[in-house]
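# starting from these lines, generate the structure:
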Amino acid sequence: MARYTGPKSKVARRFREAIFGKDKALEKKNYGPGQHGNSRRKPKKSEYAVQLAEKQKAKYTYGVLEKQFRNTFKRAAAKKGITGENLLKFLEARLDNAVYRMGIAPTRRGARQLVSHCHILVNGEVVNIPSYQLRPGDVVAVRERSKSLEVITNSVSKVNNRFSWIDWNGNDLSGKFLTYPERSEIPENIKEQLIVELYSK
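Model prediction:
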């Protein structure tokens, strides 16, 4: 499946947010990329442009392409509750995102690679599908032979914050996905209502 592999700093500068993590380029150049990025004249964006940008930001943040994102939205719309919040909950329940939230990988892109290379177990079975949807009660763990990988040990040692919807066991390098997070617990700065309005047109 195709995946964006271009410069992350350009994307972060486009949205003026560190959506891929701390970025020195964004700190030095807090304006859009390109020759007109630092222009004083800022064209007024249409309602559609604002909504589209918010969707693009969410897609880049979670590393999801259009077709998969649209299918996730359809699932969120079919589920009871607030569609925008359901969308973010399903994105948070992706296996690659859970691996990132647990601190097993320093970035979502790195987490996706660990999953694809069969380093991650779900309920004791190898799962190599980054988009795999976790359910409450599922246990995500590092494969025994992969626990000594430098990228994993370094990442786990640097994590300070944990999340309430994940029960992390540092000794076993495993975590239980307890429940879908509430919107207030998800730290990403995404205006999900704009995405709902875009898809509702």
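
# so what's Leu121 bridging to?
Counting by DSSP bridges, Leu121 forms beta bridges with Val126, Ala141.

# start at 16, not 1
Done: numbering now begins at 16, and the last item shifts to Leu136.

# count of residues packed around it?
By the measure other CB atoms under 10 Å, the count of residues near Leu136 is 17. Placement of C-beta: from N, CA and C, glycine included.

# now Arg116
Counted with other CB under 10 Å, Arg116 comes out at 25.

# distance of it relative to Asn138?
Between Arg116 and Asn138 the computed distance is 18 Å (CB to CB, to the nearest Å).

# what does the pLDDT read for Asn38?
No, residue 38 isn't Asn; it's Asp. On pLDDT, Asp38 comes in at 55.

# return the alpha-carbon coordinates of stretch 164-179 using PDB.
What follows is stretch 164-179, C-alpha atoms only, in PDB (Å, rounded to 0.1, in the frame of the first residue of the first chain):
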ATOM      1  CA  LEU A 164      16.100  -4.400  19.900                       C
ATOM      2  CA  GLU A 165      17.800  -1.100  20.500                       C
ATOM      3  CA  VAL A 166      15.000   1.000  19.000                       C
ATOM      4  CA  ILE A 167      12.500  -0.600  21.400                       C
ATOM      5  CA  THR A 168      14.600  -0.400  24.500                       C
ATOM      6  CA  ASN A 169      15.600   3.200  23.800                       C
ATOM      7  CA  SER A 170      12.000   4.200  23.100                       C
ATOM      8  CA  VAL A 171      10.600   2.600  26.300                       C
ATOM      9  CA  SER A 172      13.200   4.100  28.500                       C
ATOM     10  CA  LYS A 173      12.300   7.600  27.300                       C
ATOM     11  CA  VAL A 174       8.600   7.500  27.800                       C
ATOM     12  CA  ASN A 175       7.300   9.500  30.700                       C
ATOM     13  CA  ASN A 176       3.600   9.900  30.100                       C
ATOM     14  CA  ARG A 177       1.200   7.000  30.000                       C
ATOM     15  CA  PHE A 178      -2.500   7.000  28.900                       C
ATOM     16  CA  SER A 179      -5.500   6.000  31.000                       C
END
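
# done for today, thanks.
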